[in-house]
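**Student:** sequence and computational prediction follow.
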Amino acid sequence: MLILLIAVLIFCFGINKILKIDKSSLDIVKDSTLRLVYWLPIFYLILSLSYFGRYLRWRLILGSFSIGSWSKDDALSWFKGFALTASPGKIGEISRIRTTSKELGYSKKILLIAFFFERFLDASAVLIWILVLLPELILEKLIKLLSSNFDFIMLIIFFTVFIFFYLFKKFKKIFKKKWVLITGYLSRGQIIILFVKSLSTSVCFWGIEAMILWLLVYVLSPDSISQANAIKIYLFSGLAGVLSGLPGGIGVNEATATLLLQKEGVPTLIALSISILRRLITIWSITLISIILSISANKLR
């Protein structure tokens, strides 16, 4: 409830900012909007490449288990799973397991493994981008924390290790069953190859999708930002949205992106507009299209 209240307050703050803008700023927004129309095909081309990468990863995983193949039905069934992508932690996408299994006859056990493996790959890809883009900052903050709060950090590490081993012991049997299931289909070498290919694909499409934010700044803002900073803002705003627990991270994601863009010198109104537009172009467009496809497919049955 508290998080929802914060999100509503952030939204109201944004609307208040828009209503109080002066005429010159409004003219800038109007001109930028006209330029944006010409760039929309490029934005959706980038988004298409990003989601093609996601589908490629999906086929890499299922292909390793000899399930399904590249086809129109397979792609449509996969894409319709994004109808609930705005759910907290994207857990709504798990509905894809039921629908895909029902429509195409795929094994629910393998689909469930694929779903959680995708989430693990997403987290790993985000971590890799952060380590690549912010190694000095991370090291500096870590040294500073250790030097000023050594006892406190050691206490946190101790409890973290304790919780890890507790959870590992508690879920060891479940992990073992899943691992036995995987190794029943794949050798260790095949698992390693699948992981490398899938992780490489994940890193690529996370970076590609961040270019939508970079282009929005280029088109709408008088001051541009680097591609590296665009990726950082995209990742951190997305992470904040996921941690908020709100559907699609709505409000929190946009507010975080706006604040980070402001730090890069982007004016407040334009930063807010970019944050909202980026979300409309990406997650909300995909959600809407997948819902329409799902409804259309149900009517044709």
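**Tutor:** All right, it came through fine.

**Student:** pLDDT averaged over stretch 229-243, what's the number?
**Tutor:** Averaging pLDDT along stretch 229-243 yields 83.

**Student:** now S107. Nearest residue, chain neighbours left out?
**Tutor:** Using Cβ to Cβ, 6 or more residues apart in numbering and skipping residues adjacent in sequence, the residue nearest S107 is I67, 6.5 Å away. Any C-beta I mention is one placed from the backbone N, CA and C, and that applies to glycine too.

**Student:** so where's the stretch 1-150 of the chain uncertain?
**Tutor:** The stretch 1-150 of the chain contains residues with pLDDT under 70 at 1-33, 84-93, 135-150.

**Student:** hey, where'd the helices end up in it?
**Tutor:** Applying DSSP state H, counting those that start in this stretch to the stretch 1-150 of the chain gives helices spanning 2-19, 23-64, 72-80, 95-104, 108-133, 135-148, 150-183.

**Student:** what residues does the fourth one touch?
**Tutor:** Residues from elsewhere that reach helix 95-104, judged by Cβ atoms under 8 Å, 6 or more residues apart in numbering: 68, 73-74, 77-78, 80-81, 83-84, 106-108, 111-112, 115.

**Student:** mind running it again at 10 Å?
**Tutor:** 58, 62, 67-68, 71, 73-74, 76-85, 87, 106-115, 290, 294, 297, 301 (Cβ atoms under 10 Å, 6 or more residues apart in numbering).

**Student:** buried ones from those residues, can you make that a ChimeraX selection?
**Tutor:** Per 16 or more other Cβ atoms under 10 Å, the buried members of the contacts of helix 95-104 correspond to this ChimeraX selection:
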select :58,62,67,68,74,76,77,78,79,80,81,82,83,84,85,87,106,107,110,111,113,114,115,290,294
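
**Student:** coming back round to it: and the residue nearest to S107, how far is that from A230?
**Tutor:** From I67 over to A230 the distance is 36 Å, taken as Cβ to Cβ, to the nearest Å.

**Student:** related to what we said a few turns ago, hang on, the residue nearest to S107 packs against K108?
**Tutor:** No. I67 is beyond contact range of K108, at 11.1 Å (criterion: Cβ atoms under 10 Å).

**Student:** with adjacent residues omitted, what lies nearest to K197?
**Tutor:** Excluding its sequence neighbours, the residue lying closest to K197 (Cβ to Cβ, 6+ apart) is L60, at 5.5 Å.
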